[in-house]
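> All I have is the shape, not the residue letters:
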């Protein structure tokens, strides 16, 4: 599978639950970190964007858990595809354990763009990300 972005991480022990594997809620953090880092490579800083009146907000998350991860395991979070539908950017993402290249989770994350409090289609994102995005 081709990825348009790959971000390496490692499971921190405090992210594990009583069963010893990564608690389900932490996967959402992993996906979020990768999206933020993806935007940084295009010159977008979320703090600065927010100050300028532009917010990208998660509207929906669908995570499919495939294989558990445990403390200290290295993994990558990928962005596999980005679709554009109206005001939504739809991120297709994966968490892959790097020691054996096993898919641990995959997600579809709908992110809405809000400019000065109103849903919007910000052209500068479309222009910057056009090469990697599938538009409606």
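Alright, I've got the coordinates. Quick caveat: nothing in here was measured; it's all calculated off a predicted structure.

> mind listing what's buried in the longest strand along the chain?
Ranked by residue count under DSSP state E, the longest strand found in the chain is strand 102-115. In terms of neighbour count (16 or more other Cβ atoms under 10 Å), strand 102-115 has its buried residues at 104, 105, 106, 107, 108, 109, 110, 111, 112, 113, 114. The way it works is simple: take the backbone N, C-alpha and C, and place the C-beta from them, glycine included.

> Could you do stretch 67-79 as well?
By 16+ other Cβ under 10 Å, the buried positions in stretch 67-79 come out as 68, 69, 73, 75, 76, 77, 78, 79.

> what bridges to the last one?
This means residue 79. Note on residue 79: beta-bridge partners by DSSP bridges are residue 5, residue 93.

> wait, isn't it in contact with residue 93?
Yes: with contact defined as Cβ atoms under 8 Å, residue 79 reaches residue 93; the gap is 5.5 Å.

> Which neighbours do those two have in common?
34, 35 (Cβ atoms under 8 Å, 6 or more residues apart in numbering).

> Could you report the pLDDT at residue 134?
If you check residue 134, the pLDDT there is 66.

> How about residue 11?
Listed pLDDT for residue 11 reads 98.

> Just to check, it is in contact with residue 95?
No: contact criterion Cβ under 8 Å: residue 11 and residue 95 do not qualify, at 10.1 Å.

> So the two - more neighbours on which side?
residue 95 (26 against 20; other Cβ atoms under 10 Å).
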